[in-house]
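> Model the structure of this input:
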Amino acid sequence: MKQHSECQQQSLPTERTLYIAFELSNKKWKLGFSNGKKRRWKTIPARDLDRLTREIAAARERLGVSAESRTLSCYEAGRDGFWLHRYLSAQGIENLVVDAGSLEVNRRARRAKTDQIDVAGLLRRVIQYDGGDSKVWSVVRVPDDAAEDGRRLHRELERLKKERTGHRNRITSLLIAQGLVLAVGSDFVEQVKAARRWNGTPVPPTLQQEVFREYARYQYLQAQIREVEQAREQTVKRSQSRSARQVRQLRQLYGIGPVSSWTVVKEYLGWREFHNGKEVGACAGFTPTPWSSGDLEREQGISKAGNRRIRALMIEVSWNWLRYQPQSQLSQWFQRRFGMGGKRMRRIGIVAVARKLLIALWRYLEHGIPPAGARLVSTT
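Modelled structure (predicted):
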């Protein structure tokens, strides 16, 4: 009984801490304050930092928390990113950026949702979290300014390629509607002018102009993609930063190309701190999710609660790994376990390869030991 009472006392919040919860929106912020017992609610204009400072000072006075006491705040990760986290940290406030998908909701009946309810829920959970309940939510690992800026290049490149594909598909659709199939290349304009429809007539002039405008946007995106790719390569060749050295190190492995090496480092392994392989796989969403109840047991697949870019990329890289590293231990393991199976079995197996390969790349960057049996690019 004595031990139970001591644990209960340790989990209770104290009035020496000021808790703050933010519900962020485009025009206004809803704030919730608490000292662990009493609560206070305020609404301020979005991004009004002077008003925020005044409200924090007023909350300290009303709730009886001294200015020297600890302050712990939280908000959900979203469009506002991490700038507020950095501002609060600069003001001496401990802040938690919370994964919104990790917050439990009541599914018993139709659920009411308002900013007031949301901020109250966050305030309640941050008090529980500070009391020792670490499972109440998942906290986002916030990158520093340099690491966050390093992720911009490959994300922009990803967006540009999607836009380019959209323009190419639009051009193809416009021409197919006239019974024409033309390659979108450097001589595309000449092809369109020379093309003839089923009755021998040229492409109608208004449609031609629309197609040419789409093609001009396509060419502009092509130029921007080349510019971004050149900037990436120049950074890899000239920079002496830790992440650039890691990119060059990954490129020494057959099957790891310019895109995958850059993205794996900049998006994932270059700035995060992992303690073991289990953490590496879990953060990418490769964690298994067994379902067991009574006599019923089944496997639901991977959780997918992680970095979707890395998860999708590693599955693509794994197929290349099987092709370019057939003598590696990982490729041989795949062939023994899944190589003789059907398409479904191979798709299941490649996910397992992706998880194992991601962990192997992390160990290669951390300890310099390449994946077992992997072939390295000759430097001579």
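
> any idea how far the residue positioned nearest the centre of the chain is from Leu63?
What sits nearest the mean C-alpha location of the chain, by C-alpha atoms, centre = their mean, is Asn307, with 4.2 Å. Distance, Asn307 to Leu63, using C-beta to C-beta, to the nearest Å: 38 Å. Every residue, glycine included, has its C-beta placed from N, CA and C.

> on that earlier part again, hmm, Tyr268 and the residue nearest to the centre of the chain touching each other?
Yes. The pair Asn307 / Tyr268 is scored as a contact, 6.1 Å apart, by C-beta atoms under 8 Å.

> wait, doesn't His154 sit right on Ser260?
No. The pair His154 / Ser260 is not scored as a contact, 10.1 Å apart, by C-beta under 8 Å.

> can you map out the helices along the stretch 251-380 of the chain?
Remark: helices assigned in the stretch 251-380 of the chain by DSSP state H, counting those that start in this stretch are 258-264, 277-283, 308-324, 329-337, 343-367.

> nope, the stretch 1-150 of the chain is what I meant
2-11, 49-63, 83-90, 115-130, 145-150.

> thinking again about what came up before, shared neighbours, Asn307 and Tyr268?
When contacts are counted by C-beta atoms under 8 Å, 6 or more residues apart in numbering, the set common to Asn307 and Tyr268 consists of Cys283, Ala284.

> re the thing from before, what's the closest of the helices of the stretch 251-380 of the chain to Val139?
helix 277-283 (12.4 Å; C-beta to C-beta).

> helices and strands around the single longest helix found in the chain, which ones?
Longest helix in the chain, counting residues (DSSP state H): helix 205-238. On a contact count with 3 or more C-beta pairs under 8 Å, 6 or more residues apart in numbering; DSSP states H and E, helix 205-238 meets helix 152-176, helix 188-194, helix 242-250, helix 258-264.

> Distance check, Leu357 against Ser318.
From Leu357 across to Ser318, the span is 6 Å (C-beta to C-beta).

> residue ranges with poor pLDDT in the protein?
Scanning the chain for pLDDT under 70 picks out 1-15, 379-380.

> can we see that at 50?
1-14, 380 (pLDDT under 50).

> Outline the domain layout of it.
2-142, 149-238, 243-367 (automatic domain parsing).

> Which of the ones you listed sits closest to Leu376?
Per C-beta to C-beta, nearest to Leu376 of the domains of the chain: domain 243-367, 5.1 Å.

> now do the same end-to-end measure for the closest one.
15 Å (C-alpha to C-alpha, to the nearest Å).
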